[in-house]
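>>> generate coordinates for the sequence data below:
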Amino acid sequence: MGRSFFLSRLFDLEVAPDFESDEIIGKVRVLPRKLHLHAGTDAVLNVTFIRAPSQVDVPLVFRGEDVSPGLKKE
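Numbers count the residues shown, from 1 in each chain. Okay, here's the model as predicted:
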């Protein structure tokens, strides 16, 4: 999986009371914020997550709209 794809994907993170427990006490939607890799082997050392909002509005900006025939409005 490519790094840019991983950092832009939503995940359902399962929350447990401790590391050894099989009990799941909740699920949280998260986005990866930082990916820490080993300098020599590129092995994953740590991933920092942030909670994802339930809905995100993303504005679309078209560059070169004035010269692109596919984006011209009539």
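
>>> okay, CA-based contacts and neighbour counts for the rest of this
Noted.

>>> ok, longest strand in this structure?
If you go by DSSP state E, the chain has its longest strand at strand 26-37.

>>> in that one, what counts as buried?
For strand 26-37, the neighbour count (16 or more other CA atoms under 10 Å) marks 30, 31, 32 as buried.

>>> what lines up beside that strand in the sheet?
strand 11-15 (antiparallel), strand 44-51 (antiparallel) (DSSP bridges).

>>> span of stretch 14-28 from start to end?
Length of stretch 14-28, first residue to last, CA to CA, to the nearest Å: 7 Å.

>>> again with stretch 30-43
Start and end residues of stretch 30-43 are separated by 21 Å (CA to CA).

>>> go through stretch 4-18 and flag the buried ones.
residue 11.

>>> which residues sit against that stretch?
The contact list for stretch 4-18 (CA atoms under 8 Å, 6 or more residues apart in numbering) reads 22-35, 52.

>>> then stretch 33-44?
Contacts of stretch 33-44 (CA under 8 Å, 6+ apart): 7, 45, 46, 47, 48, 49, 50.

>>> ok, the fifth one touching residue 30?
No: with contact defined as CA atoms under 8 Å, residue 48 does not reach residue 30; the gap is 9.7 Å.

>>> how far off centre is stretch 5-15?
Centre-to-centre, stretch 5-15 and its host chain are 5 Å apart (CA atoms, centre = their mean, to the nearest Å).

>>> likewise stretch 28-43?
11 Å.

>>> where does the chain dip in pLDDT?
Across the chain, residues meeting the criterion (pLDDT under 70) sit at 1-3, 70-74.

>>> helix, strand or coil for residue 66?
coil (DSSP: H, G, I helix; E, B strand; the rest coil).

>>> ok, residue 45 to residue 8 distance?
Distance of residue 45 to residue 8, given as CA to CA: 19 Å.

>>> before we move on, what about residue 33?
9 Å.
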